[in-house]
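S.K.: Fold the following, please.
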Amino acid sequence: MDLQGFAGLLSGDGQALLAELREHSPADELAAATRLRRTYDAGLVSAALGQARLRQRAVAKFGEEDAYRMYFTPNGVEQSTRKSVATHRAERFKALGVRRLADLCGGIGGDALALARAGIEVLAVDRDPLACAAARANAAALGLADLIEVRCADVTEVDTAGFDAVFVDPARRTGGPGGAARGTSMRGGGRAAGGRTFDPEAYAPPLSWALAAARTVPFAAVKVAPGIPHEAVPPEAEAEWVSDRGDVKEAALWFGTEPGAVRATLLPGGASLRTAAPLPDPEVRPVGRYLYEPDGAVIRAHLVAEAAAPLDGGLIDETIAYVTADELRPTPYATAYEIGDVLPFGLKRLKALLREREVGVLTVKKRGSAVEPEEVRRRVKPQGPHAATVFLTRVAGAPSMLIGRPVTGTSQT
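M.R.: Residues are numbered from 1 along each chain as shown. Sure, this is the predicted structure:
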């Protein structure tokens, strides 16, 4: 879709098409295209069908009410910030007293919309003309045009003097997916999940430029890959990892807040674990009655020790971010499981045990194991009315299987 095609979506015919395609099923696209082309221009029908697909994909990030009023590009759907995360960040800026903010690399305006809804005046800058057109349309569609100015420009040429804050979201070409456990050290590790080296200068614009821009205003946040090594965080920055319903969505470096602090924020509940002086790693101890699986943001932030302390918990292995304890205590920072069996790793033994207990619904989790969950399910062929969770991991260095069930009603989120 080009700018002309996008402009057509804003016309009367374009709006009528989008309204008609709201409940459209992709499986019926050919028939719908044939029918609609009898009434509307073929190019406009094609653009509307593409936009309808993007809106359906965007519901997961923006919610149905906003997604079906907004406009998207393919990159915009993939790269834009999830609404819950953008709202959290906007509220942080609002609490800091920010009134005017420059949103650099603003894309289709996902963050700008959340900031404007928090009452912040936003200059949203991006060099992609189509993304800027979508951002303008989104501001208008959600009634926020008075607070959002969209400028199509190179962000490195924008003067941010006079702004209270900047938010920079550079395109990241490297970095691992969120939610993975830390590597071989509970505190260290300079590689993103999957073994990819974190290369901040491969960002567009480079992270060095983004950090320099952040230092020119009273407050700033720079979005980075969740796999950023802790040693790459500037000493004057606060590093925050954010998860949404257990999935790590992003990391951000904050300036003007708490230099040297590390934070894990869990959405949608908003629980936030932070420290400026990390605790030593918990001691390794035998597996107790309960196993706690820390949230991915807690793991990324290297705050497993801080999450374990209120649980009176220890580690099952010095390199594995599973916490074990004898008592069940509520915590928003980890999911609790009651463990019934701790066994040496062996799929034949696991298959026999599951068959004996008539387990047909099997959840397989792994940390520190090379065996893939899909392979386990294929090999053990679970059958029966009962459910169980198996952890493939290491206990004091030995490949092990922990079998149990999740404990409900203990999380504060």
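S.K.: in the stretch 1-150 of the chain, which spans are strands?
M.R.: 100-104, 121-126, 148-152 (DSSP state E, counting those that start in this stretch).
S.K.: Which neighbours in the sheet does the last one have, and how are they oriented?
M.R.: Yep, that's strand 148-152 we're talking about. Neighbouring strands of strand 148-152 in its sheet, by DSSP bridges, are strand 121-126 (parallel).
S.K.: now the strands of the stretch 1-150 of the chain in a markdown table, with mean neighbour count, distance to residue 373 and mean pLDDT?
M.R.: Where C-beta positions appear, they are placed from N, C-alpha and C, glycine not excepted. Listed next are the strands of the stretch 1-150 of the chain as a markdown table, based on neighbours: other CB atoms under 10 Å; distance: least, CB to CB, whole Å; pLDDT from 0 to 100:
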| stretch | mean neighbour count | distance to residue 373 | mean pLDDT |
| --- | --- | --- | --- |
| strand 100-104 | 26 | 39 | 98 |
| strand 121-126 | 24 | 39 | 98 |
| strand 148-152 | 19 | 44 | 98 |
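S.K.: Could you give the number of residues near residue 371?
M.R.: By the measure other CB atoms under 10 Å, the count of residues near residue 371 is 15.
S.K.: Low-confidence regions, the stretch 101-250 of the chain specifically.
M.R.: Within the stretch 101-250 of the chain, the segments meeting pLDDT under 70 span 173-198.
S.K.: and with 90 instead?
M.R.: Residue ranges of the stretch 101-250 of the chain with pLDDT under 90: 171-204.
S.K.: Helices of that one, start to end?
M.R.: For the stretch 101-250 of the chain, helices defined by DSSP state H, counting those that start in this stretch occupy the ranges 110-117, 129-141, 207-214.
S.K.: Pick the most deeply packed of these.
M.R.: Counting by mean count of other CB atoms under 10 Å, helix 110-117 has the highest mean neighbour count of the helices of the stretch 101-250 of the chain, with a mean of 27.
S.K.: Identify the residues contacting that helix?
M.R.: Helix 110-117 has contacts (CB atoms under 8 Å, 6 or more residues apart in numbering) with 61-62, 66, 76, 80-81, 83, 86-87, 89-90, 93, 101, 103, 106, 122, 124, 135, 138-139, 142, 144, 147-148, 150, 167, 169.
S.K.: Distance of the residue nearest to residue 91 when sequence neighbours are not counted relative to residue 219?
M.R.: Nearest residue to residue 91 in three dimensions, chain neighbours excluded: residue 118, at 6.1 Å (CB to CB, 6 or more residues apart in numbering). From residue 118 across to residue 219, the span is 13 Å (CB to CB, to the nearest Å).
S.K.: shared neighbours of the two, which are they?
M.R.: By CB under 8 Å, 6+ apart, the residues touching both residue 118 and residue 219 are residue 93.
S.K.: quick one: contacts for the residue nearest to the spatial centre of the chain?
M.R.: The chain has residue 249 as the residue nearest its centroid, 1.1 Å off, counting by CA atoms, centre = their mean. With contact set as CB under 8 Å, 6+ apart, residue 249 has these partners: 81-82, 85, 178, 226, 242-243.
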